[in-house]
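Engineer: got a predicted structure here, sequence first:
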There are 2 protein chains.
Amino acid sequence: MNRSALPDAGFIDPSGANDEAVRDLTERVVDGLLAQLTGASERSPLPDDPTSLSAAIPDESRESAELLADLEAAVEGSMNPAAPGYIGHMDTVPTTVSVLGDLVASAVNNNMLSVEMSPVFSELEVRLTETIATEFGLGPDAGGVLTSGGTLANLHALAVARNDSFDVHEGGLAAVDREPVLFASSVAHTSLQKAAMLLGLGADAVVPVETDGDSRMDPVALDRAVTDARESGRAPFCVVATAGTTTTGNVDPLPAIRNVAREHDLWFHVDAAYGGALVFSRRERDRLRGIDAADSVTFNPQKWCYVAKTCAMALFADADVLREEFRIGAPYMRGDDAIPNLGELSVQGTRRADVLKLWLTFQHLGRDGLEQLLDESYRLTALVRDRVERRDSLELASDPETNIVCFRATPDWCPRDERDELNGRLQRTLLSEYDVFVSLPTYRGSRWLRTVLLNPFTGEETLDDLFEGVDTFLRAARSEYVS
Amino acid sequence: MNRSALPDAGFIDPSGANDEAVRDLTERVVDGLLAQLTGASERSPLPDDPTSLSAAIPDESRESAELLADLEAAVEGSMNPAAPGYIGHMDTVPTTVSVLGDLVASAVNNNMLSVEMSPVFSELEVRLTETIATEFGLGPDAGGVLTSGGTLANLHALAVARNDSFDVHEGGLAAVDREPVLFASSVAHTSLQKAAMLLGLGADAVVPVETDGDSRMDPVALDRAVTDARESGRAPFCVVATAGTTTTGNVDPLPAIRNVAREHDLWFHVDAAYGGALVFSRRERDRLRGIDAADSVTFNPQKWCYVAKTCAMALFADADVLREEFRIGAPYMRGDDAIPNLGELSVQGTRRADVLKLWLTFQHLGRDGLEQLLDESYRLTALVRDRVERRDSLELASDPETNIVCFRATPDWCPRDERDELNGRLQRTLLSEYDVFVSLPTYRGSRWLRTVLLNPFTGEETLDDLFEGVDTFLRAARSEYVS
């Protein structure tokens, strides 16, 4: 073809005709990127003046030198989860092989829509989700699909739960008399409200169940809420337990919730997006006891398994339910008996081969490596908790069960109604003066400092910086208040 | 931390401590990958014996040499859209910069959930979707979000359309009396049925509208269908026009459909997942006339703009509608006045920065490069069409309007009820003996050979191979039948 308007390295010529140009561009991008990544500890966890890239579309190809400069500025201005002081969110420095796996997945550009378009990766996804389902004890008929993020996994699971409970696959909810409702703790993830809204149940169909003081769902309150809903004419169909709440990382009492779900004949979904990783720690996996009774599980290796995002999954104890309660056939795809066309069984159609980076991460870290990362997380968590507890002016939000410690400054010299503002200032000071980024969520009506001890490059020095920052800030603030 | 169980290059140390191990692993993966990609024309468009990777999770880190060998086998066994003979699906060899952009996006692992977690990329996504909305003529208030595939874009648009028409964001569909229905041509994409099923409308809520002989929706039939639905007590709320149908690439008559939508006060969605790319060809963009009146548009640069998958978007003529009709707030995220937290306004929460590879592709190809690719697609399409028309034993499925030519062999010596089988054999022969992959969709009850002239490395030689294959096969088959 006429390629006069295209840059030399626009595409990778499959006959090697532009091998040199492609290698040159690739090397420059890779070298520049590695230089930035291996120096990430020099940059703030969060940039203070991110660059703006122009969104105009140029007529002609821009010089690659210009693009590389823009790319460098973009990385420079991006969130920097590799910095040792980045302990603010469930976002992490990814494994090296997951980054390289994404490179390969993009380059071969296969499509998880159908077996024909991704023969190796479709089979691997089916097998690897079976393997993980087995880790959770979901039984011999279990399986699932990967999703581009945990919100889609929750949406998928709740869609199947809804379809399994009401006959709405073809006819919709208009024919259902009683209002379907599901139950989750009051601190469960907002993706449940989003899923309920999308599914036509309405965001209010998620009935919030009271928690104990440590953000764990109260099974007695659950039982009562289900009974109340039924008595008021609504149609309970599902309970969602959370293993690793977003703000404080707590784990709902799965066995007790399972019992309530069974008693009321409800679908039992476990949102283990975060906490599911514990299955890889022999020391901690008992915290997931009861998950083996789940009808469906959400699990995001993109969080505590250190896989580059996105990498999440919806698992089902009975994988056939996808064919029976969810499937939408596509006439333009050819089937295969052994491996299904995954696009027919999942929320997404065309999808990347995220399974490759997940598989590579398991192969490269091994169980032992993953376990070490998880256990180290717990070690740092205990240290942070201890330092919080040793300070009278600090308060814990909950008993840390995973690797999140959420706390706030509540010194008696600061009036209650000024404490949110005080903690906000403290959070900004920690970032600007100590290069420590903690997040500032709203929880039980107040602002908290949230540390997520996920980063494998966070050491005790970062914790020293954090608490030196806290102490110094509070001393200075106190003198302000007292004077 | 104790990293005794982790491989040297497990993570990229932000202080450069394992720089050498990381560079070594990266180079080996990149070199191996480039060797395979620059030799892709040597491999079949579809492998015939894909490798199976073991889904077991090893206890210890596996040697990188083993992983590289597995990776090589995986690429070897994958769909190979770079092969010149790959003309079977809307899947393409991706631009070099989109592959490298994905590498960078994975490495920095930012999160489109919130501005805090992706400052540069959130702003770029808002601006670039505005730019593209402007290309479609959607007006000064337009904007949108990227989605991980076109199915999610259709889901997003229909969710907003539903919420805008019925008050179901909080309360759900249980309170809606009349059954909501939407309209799309009988050959529109199955993601609409999937979206309707997910949205609680039921898959049957998509009322199929008759098409003309070239797969274009009949506006008169649409008008009648809407009136009929209303008269039978259902509640029409949306019309979906398709710009680039999946099987034959045809474009619905957008101005006429817009008129019907206006007359009946329906949301007007255009699924331009495939055909939206035409906006970048001065010669062909008029085929999209009428799209400027859309309330929402689905557009997938992952197809005819050659961006590595996934890269799709939902655009809205009034971007405020996302805040008003879709938003689910998240208490753990901090807001920003100028740039919203995109996770609150879209189906997904955590999401990759797909905008980077899209932006890089526009910058590197420029409008001129993109236009040349589109126009070359049309040149090859005309050639294929001409060769089909010159053969009495071949039949066109429709008048090609984009770059898809769908045809089948209907020789008079082959009985009608054996023609599907004949075309199936022909398709397999083309792949095995001529290295040409065309797909074999079901369309109007029959099997067709579908060519998608998308691949920038497909030249006239491939077309020669294709038709030599067709002629040779049919000659041989004829003698079989006649004897």
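Structural biologist: Nice, I can see it.
Engineer: and A:Tyr332, what pLDDT?
Structural biologist: Predicted confidence (pLDDT) at A:Tyr332: the value is 56.
Engineer: show the end-to-end separation of stretch A:131-145, please.
Structural biologist: Stretch A:131-145 stretches 12 Å from its first residue to its last (Cα to Cα, to the nearest Å).
Engineer: which residue ranges form the helices in the stretch 51-200 of chain A?
Structural biologist: Listed from the start of the chain, the stretch 51-200 of chain A has helices (DSSP state H, counting those that start in this stretch) covering A:64-76, A:96-108, A:119-135, A:150-165, A:191-198.
Engineer: okay, these, which one's buried deepest?
Structural biologist: Most buried of the helices of the stretch 51-200 of chain A, by mean neighbour count (mean count of other Cβ atoms under 10 Å in any protein chain shown): helix A:96-108, with a mean of 28. Where you see a C-beta, it was placed from the backbone N, CA and C, and this is true even at glycine.
Engineer: report whether A:Phe362 is found in a helix, as I expect.
Structural biologist: Yes - assessed with DSSP: H, G, I helix; E, B strand; the rest coil, A:Phe362 lies in a helix.
Engineer: quick check: closest non-adjacent residue to it.
Structural biologist: When the adjacent residues along the chain are set aside, A:Phe362 lies closest to B:Ile57, with 4.6 Å between them (Cβ to Cβ, 6 or more residues apart in numbering or on different chains).
Engineer: ok, now A:Phe407?
Structural biologist: The spatially closest residue to A:Phe407, leaving aside those adjacent along the chain, is A:Val388, at 4.6 Å (Cβ to Cβ, 6+ apart).
Engineer: secondary structure class for the one you found?
Structural biologist: Applying three-state DSSP: A:Val388 is helix.
Engineer: from A:Val438, how far out is it?
Structural biologist: Counting by Cβ to Cβ, to the nearest Å, the gap between A:Val388 and A:Val438 amounts to 12 Å.
Engineer: quick one, which of those two is more surrounded?
Structural biologist: Using other Cβ atoms under 10 Å in any protein chain shown as the criterion, A:Val388 and A:Val438 rank with A:Val438 on top: 27 against 21.
Engineer: check contacts around that one.
Structural biologist: Applying Cβ atoms under 8 Å, 6 or more residues apart in numbering or on different chains, we find A:Val438 in contact with A:87-88, A:427, A:430, A:449-451, A:466.
Engineer: can we see that at 6 Å?
Structural biologist: Shown here is A:Val438, whose contacts under the criterion Cβ atoms under 6 Å, 6 or more residues apart in numbering or on different chains are A:88, A:449-451.
Engineer: where does the stretch 201-350 of chain A get nearest to chain B, residue-wise?
Structural biologist: A:Gly202 (3.0 Å; Cβ to the nearest Cβ).
Engineer: which non-adjacent residue is nearest that residue?
Structural biologist: Excluding the flanking residues, the one nearest A:Gly202 by Cβ to Cβ, 6+ apart is B:Gly172, at 3.0 Å.
Engineer: number of residues surrounding the one you found?
Structural biologist: 25.
Engineer: ok, now A:Glu210?
Structural biologist: By the other Cβ under 10 Å criterion, the neighbourhood of A:Glu210 contains 13 residues.
Engineer: hang on, it packs against A:Leu222?
Structural biologist: No - between A:Glu210 and A:Leu222 no contact is recorded; they are 8.5 Å apart, counting by Cβ atoms under 6 Å.
Engineer: and the strands in the stretch 351-483 of chain A?
Structural biologist: Along the stretch 351-483 of chain A, counting by DSSP state E, counting those that start in this stretch, strands occupy A:394-396, A:404-409, A:442-443, A:446-447, A:449-452.
Engineer: now do the last one: distance to the chain's middle.
Structural biologist: Put plainly, it is strand A:449-452. 16 Å (Cα atoms, centre = their mean, to the nearest Å).
Engineer: give me the contact list for it.
Structural biologist: With Cβ under 6 Å, 6+ apart as the contact definition, strand A:449-452 has outside contacts at A:87, A:90, A:384, A:404-408, A:427, A:438-439, A:441.
Engineer: please save the CA atoms from that strand in PDB.
Structural biologist: As requested, C-alpha coordinates have been extracted for strand A:449-452 and formatted as PDB (Å, rounded to 0.1, in the frame of the first residue of the first chain):
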ATOM      1  CA  LEU A 449      -5.900   8.900  57.400                       C
ATOM      2  CA  ARG A 450      -5.700   5.600  55.600                       C
ATOM      3  CA  THR A 451      -2.500   3.700  55.200                       C
ATOM      4  CA  VAL A 452      -2.400   0.600  52.900                       C
END
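Engineer: taking the mean pLDDT, what do you get for it?
Structural biologist: Model confidence over strand A:449-452, given as mean pLDDT, is 98.
Engineer: from chain A, which residue is nearest to chain B?
Structural biologist: Relative to chain B, the nearest point of chain A is A:Gly200 (2.1 Å; Cβ to the nearest Cβ).
Engineer: for chain A, give me the ranges with low pLDDT.
Structural biologist: In the predicted model, chain A carries pLDDT under 70 at residues A:1, A:331-337.
Engineer: correct me, but A:Asp91 touches A:Asn80?
Structural biologist: No - applying Cβ under 6 Å as the test, A:Asp91 and A:Asn80 come out as separate, 10.2 Å apart.
Engineer: tell me which of those two has more neighbours.
Structural biologist: A:Asn80 (26 against 22).
Engineer: who's in contact with that one?
Structural biologist: Neighbouring residues of A:Asn80 by Cβ under 6 Å, 6+ apart: A:40, A:43, A:45.
Engineer: now the second one. Nearest residue, chain neighbours left out?
Structural biologist: Read it as A:Arg43. Distances taken as Cβ to Cβ, 6+ apart place A:Asn80 nearest to A:Arg43, at 5.2 Å, with adjacent residues excluded.
Engineer: restricted to strands, list the contacts of A:Asn80.
Structural biologist: Secondary structure of those is defined by DSSP state E; no position falls in strands.
Engineer: the top strand by length along chain A vs chain B: in contact?
Structural biologist: As assigned by DSSP E, the longest strand anywhere in chain A is strand A:235-242. No - where contact is defined by Cβ under 6 Å from any Cβ of the partner chain, no part of strand A:235-242 touches chain B; the two come within 8.9 Å at best.
Engineer: elements contacting that strand?
Structural biologist: Helices and strands touching strand A:235-242, as assessed by 3 or more Cβ pairs under 6 Å, 6 or more residues apart in numbering or on different chains; DSSP states H and E, comprise strand A:180-185, helix A:219-231, helix A:254-263, strand A:267-271.
Engineer: let me have those in TSV, adding mean neighbour count as columns.
Structural biologist: Compiled in TSV, those are given as follows (neighbours: other Cβ atoms under 10 Å in any protein chain shown):
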stretch	mean neighbour count
strand A:180-185	26
helix A:219-231	17
helix A:254-263	20
strand A:267-271	27
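Engineer: got these as CSV, with distance to chain B columns?
Structural biologist: CSV is the format used below for the helices and strands packed on strand A:235-242 (distance: least, Cβ to the nearest Cβ, whole Å):
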stretch, distance to chain B
strand A:180-185, 7
helix A:219-231, 13
helix A:254-263, 22
strand A:267-271, 12
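Engineer: can you redo the ones you listed as a markdown table with distance to B:Val482?
Structural biologist: Supplementary listing: the helices and strands packed on strand A:235-242 in a markdown table, determined by distance: least, Cβ to Cβ, whole Å:
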| stretch | distance to B:Val482 |
| --- | --- |
| strand A:180-185 | 63 |
| helix A:219-231 | 72 |
| helix A:254-263 | 67 |
| strand A:267-271 | 61 |
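Engineer: which of those sits closest to B:Cys238?
Structural biologist: strand A:180-185 (23.3 Å; Cβ to Cβ).
Engineer: for that closest one, packing partners?
Structural biologist: If you count contacts as 3+ Cβ pairs under 6 Å, 6+ apart, strand A:180-185 packs onto strand A:206-209, helix A:219-231, strand A:235-242.
Engineer: for the longest strand of chain A, the distance to its chain's centre please.
Structural biologist: In this view, strand A:235-242 has its centroid 21 Å away from the chain centroid, taken as Cα atoms, centre = their mean.
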